[in-house]
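1. Just need the structure, nothing else, for what follows:
(one chain, ligands or ions: 1)
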Amino acid sequence: MCGIVGYIGNKNCIPILLNGLKRLEYRGYDSAGIAYIANGEAHFVKNKGKVSSLEDKLRNLNIVSNLGIGHTRWATHGVPNEINAHPHFNMAKNLFVIHNGIIENYQTIRTSLINLGYNFITETDSEVIPHLIDRFLNEGHSLCRSVQFALNEVQGTYGIAVIYLNEPDKIIAARKGSPLVVGIGENENFVASDVSAILAYTKQVVYLEDGEMAVVYKDHFTAKTIADVEIEKEVTEITMTLDEIDKGGYAHFMLKEIMEQPDSVQNSMRGRLLFDEGTAKLGGLETVADRLVDSKRIIISACGTSWHSALVGEYMLEQKARVPTEVEYASEFRYRNPIINKDDAIIFISQSGETADTLAALREAKQRGALAIGICNVVGSSIARESMSGIYTHAGPEIGVASTKAFSSQLIVLALITLMIARRKDMSLVDGKNIAVEMEKLPDKIRQILKLNDEIEFIANEFKSSRNFLYLGRGYNFPVALEGALKLKEISYIHAEGYPAAEMKHGPIALIDDNMPVVFIAPKDSTYDKIVSNIEEIRARRGRIIAIASENDDNIDKLVDYSIKIPDTIRMLMPILSVIPLQLLAYHIAVKKGLNVDQPRNLAKSVTVE
Ligand code: F6R
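-> Just a heads-up that it's a prediction; the model follows:
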């Protein structure tokens, strides 16, 4: 959600903090701020808006400091303005805190602190933290102990970084439910909510777990629990490169990530398909493969786009592996008191691996004794680490807020799991080999679809002023309709709905007139004739139709206003192809409307609050 970066060392921290905040801006971008200690004084600078406006403000100040923390915010409590921006501070303005997460009992703490004479100046939940720490400092405790005492009083989630003028040799970092890493350099150390913020300076990181904290000095760090028990932490080497998190010449990260899909899809299946045996080999599942294959039921739980890939996974697993499968929003799963049996397997899908609801659902499933498997993109993320076993999608860093390549890679991993289970049950060698061969052809087919970019841009221009959109598909392509609609609404702010095509007659058809564009996902599969009937029904009501159709379908052009022709594959893999024109359509409409596609309003890349 929000982003945290901190530096302690011999260099000037200001450019390092700004650079880190720019890398983190995709996580939240309504305001930003830094606090630093220089020449025996503590200062802060905050700004509403993007990191670039904070940078403009800092440029004229010529600050040199060796210790600082920075934050980019995605507002939860209190409007996005300069006052509510982090860092927050105590009344003496010598203690600064940046906070990701939500303090759920902040009202109670705030009231009790006000009764003790503390003044609050922001509308945020986070402001209670510096005042609480201050209370314990005033009782004579060290900064470290005061942070621990303060954190014992708060309920909710946090990733925090703290600096204090009277102990200017350290940054304190602590985590519960919001990711935090310590970056290890030479005579310099870092704190960040996401390794991308510090990758330019170090590849050695230590991941903090929930309930842990680090006291970070310039030449070493100590790790302990919030309960003050010293712990040993392992240093991990990051393999991600800076190139991977740059735009690489594209106008937007989203376009770059759409265009990367031939490679990201390839990377997701690399070394995992066994062509001779017509199956898949997933190292991450080896220890639990028997239990997974023997599961009586699979539940897949996720949020947003990842939930859409779960829906495709449900079709795959039921149709090909013949395992009863259910899909649950992670947010609903955990509060529904779900019936979970020991012979259930639950798959959690998350690009970021940090989505609060998905992480909480994973913990709930583990507690109830189910086999909990994670499918994550971000290596070392909380869900990846806490799953009993897991599979990385290997799509590479996804920075654009609208998820694109992560979705296609999640579908690849779900297809691999399906293939592995199905072959260990009753799928024939021939059928297994056919799936493997079709999967191998996907990157080239995606390349072919990406060549339609100009054609799709033209269609986008025709529809950029539409106020509403409907997306319709059947079977495997129904979740693709949902995903196409989500992509459009989140970056173009056009209202869009996805429906199973047959449901249209049960209500949404009332919306159809010549102002309503309808996108049909209509490849030539066993539902084709039925989809064509639905197209006719829209035509009869003068709706404007865009069809994603098979490349050999000449018939459809007579029925629709625009067709985007894509190569065919077997049904279970079709969503990996049919979603790509929808990603491009949403992208171009948003660009033509002059919107910031990489950082759409109100959204954040990684939703670490419930
Ligand atoms: C949509 C989008 C979100 C995420 C959702 C889950 O483009 O990106 O809907 O899919 O917030 O995020 P992860 O997959 O990180 O758990």
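2. The ligand contacts on this protein?
-> Residues of the chain lying close to the ligand by Cβ under 6 Å from any ligand atom are 303-306, 350-352, 355, 358, 402-403, 486, 490, 606-607. For every residue, glycine as well, the C-beta is placed using N, CA and C.
3. all helices of the stretch 201-350 of the chain, in order?
-> Taking DSSP state H, counting those that start in this stretch, the helices of the stretch 201-350 of the chain run over residues 253-259, 261-269, 289-293, 304-320, 330-335.
4. Save those as TSV, and put in distance to E167 and mean pLDDT too.
-> Compiled in TSV, the helices of the stretch 201-350 of the chain are given as follows (distance: least, Cβ to Cβ, whole Å; pLDDT from 0 to 100):
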stretch	distance to E167	mean pLDDT
helix 253-259	39	95
helix 261-269	45	94
helix 289-293	50	96
helix 304-320	41	98
helix 330-335	39	88
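5. For P443, find the nearest of these.
-> helix 261-269 (4.1 Å; Cβ to Cβ).
6. for the closest one, packing partners?
-> helix 405-424, helix 429-450 (3 or more Cβ pairs under 8 Å, 6 or more residues apart in numbering; DSSP states H and E).
7. winner for burial among those helices?
-> Ranked by mean neighbour count, the helices and strands packed on helix 261-269 are led by helix 405-424 with a mean of 26 (mean count of other Cβ atoms under 10 Å).
8. Let me know the average pLDDT across that one.
-> For helix 405-424, mean pLDDT rounds to 98.
9. Which residue does the protein have closest to the ligand?
-> Of all residues in the chain, G304 sits closest to the ligand, at 1.9 Å by Cβ to the nearest ligand atom.
10. Spit out the contact partners of that residue.
-> G304 sits next to 403, 486, 607 when contact means Cβ atoms under 8 Å, 6 or more residues apart in numbering.
11. Let me know the secondary structure of the first one.
-> Here S403 takes the coil state, with states given by DSSP: H, G, I helix; E, B strand; the rest coil.
12. Check D553 too.
-> coil.
13. burial of the residue nearest to it when sequence neighbours are not counted, as a residue count?
-> Distances taken as Cβ to Cβ, 6 or more residues apart in numbering place K524 nearest to D553, at 5.6 Å, with adjacent residues excluded. Using other Cβ atoms under 10 Å, K524 has 16 neighbouring residues.
14. ok but K524 is inside a strand, no?
-> No. Checked against three-state DSSP, K524 lies outside a strand; its state is coil.
15. now for the helix or strand bottoming out on mean pLDDT in the chain, which elements pack on it?
-> The helix or strand of the chain with the lowest confidence, counting by mean pLDDT, DSSP states H and E, is helix 330-335 at a mean of 88. The contact analysis (3+ Cβ pairs under 8 Å, 6+ apart) places helix 330-335 against strand 297-302, helix 356-367.
16. thinking again about what came up before, so which of the helices and strands packed on helix 261-269 is nearest V379?
-> Of all those, it is helix 405-424 that lies closest to V379, at 13.1 Å by Cβ to Cβ.
17. Got phi/psi on E55?
-> Per-residue torsions, E55: phi -60, psi -40 (degrees, to the nearest 10).
18. wait, what's in contact with the residue nearest to it when sequence neighbours are not counted?
-> Counting by Cβ to Cβ, 6+ apart, E55 lies nearest to L18, which is 5.4 Å off, once chain neighbours are set aside. By Cβ under 8 Å, 6+ apart, the contact set of L18 is 34, 51, 54-55, 58, 70.
19. how far away is L18 from E25?
-> Applying Cβ to Cβ, to the nearest Å, the value for L18 to E25 is 11 Å.
20. Determine the residues that are contacts of both of the two.
-> Taking Cβ under 8 Å, 6+ apart as the criterion, L18 and E25 both touch V51.
21. so how many other residues sit close to N119?
-> N119: 10 neighbours (other Cβ under 10 Å).
22. Out of the residues of the chain next to the ligand, give me the one that has the most neighbours.
-> Most neighbours among the residues of the chain next to the ligand, by other Cβ under 10 Å: S350, with 32 neighbours.
23. pretty sure that residue is touching I375, no?
-> Yes. Assessed by Cβ atoms under 8 Å, S350 is found in contact with I375 at 7.4 Å.
24. Contacts only, for V607.
-> So V607 contacts 1, 303-304, 352, 355-357 (Cβ under 8 Å, 6+ apart).
25. Which residue ranges make up each domain of the protein?
-> 3-244, 247-446, 452-600 (automatic domain parsing).
26. and the first one, how far out from the chain's middle?
-> So the one you mean is domain 3-244. 22 Å (Cα atoms, centre = their mean, to the nearest Å).
27. just checking, L317 touches V323?
-> Yes. Applying Cβ under 8 Å, one finds L317 in contact with V323, separated by 5.0 Å.
28. Next, show the common contact partners of the two.
-> 298, 421.
29. The two: who's more crowded?
-> L317 (23 against 20).
30. hmm, back to that, just the ones of the contacts of L18 in helices?
-> Mapping the contacts of L18 onto helices (DSSP state H) picks out 51, 54-55, 58.
31. so which of the residues you listed would you say is closest to D426?
-> V51 (55.2 Å).
32. Next one: the closest one from P324, what distance?
-> 48 Å.
33. repeat for V216
-> For V216 relative to P324 (Cβ to Cβ), the value is 49 Å.
34. If you count surrounding residues, which of these two has more?
-> V216 (25 against 13).
35. circling back: between the helices and strands packed on helix 330-335, which one is nearest to E188?
-> Comparing the helices and strands packed on helix 330-335 by Cβ to Cβ, helix 356-367 comes nearest, at 30.9 Å.
36. what sits up against the closest one?
-> Under the contact criterion Cβ under 8 Å, 6+ apart, helix 356-367 has outside partners 157, 177, 299, 301-303, 306, 328-331, 333-334, 338, 340, 346, 348-350, 372, 374, 382-383, 386-388, 607-610.
37. SS state for I163?
-> Per three-state DSSP, I163 ends up strand.
38. Next, the contact list for E188, please.
-> Per Cβ under 8 Å, 6+ apart, neighbours of E188: 7-11, 201, 218.
39. switch the cut-off to 7 Å
-> Contact analysis of E188 by Cβ atoms under 7 Å, 6 or more residues apart in numbering lists 7-11, 218.
40. top of those residues by neighbour count?
-> That'd be Y7 among those, by other Cβ under 10 Å, with 32 neighbours.
41. So that residue: helix, strand or coil?
-> strand.
42. quick one: it from G185, how far?
-> Counting by Cβ to Cβ - Y7 and G185 are separated by 9 Å.
43. what does R385 give?
-> For R385, the distance to G185 (Cβ to Cβ) stands at 23 Å.
44. What of D553?
-> Distance from D553 to G185, by Cβ to Cβ: 57 Å.
45. what's the answer for S387, then?
-> 30 Å.
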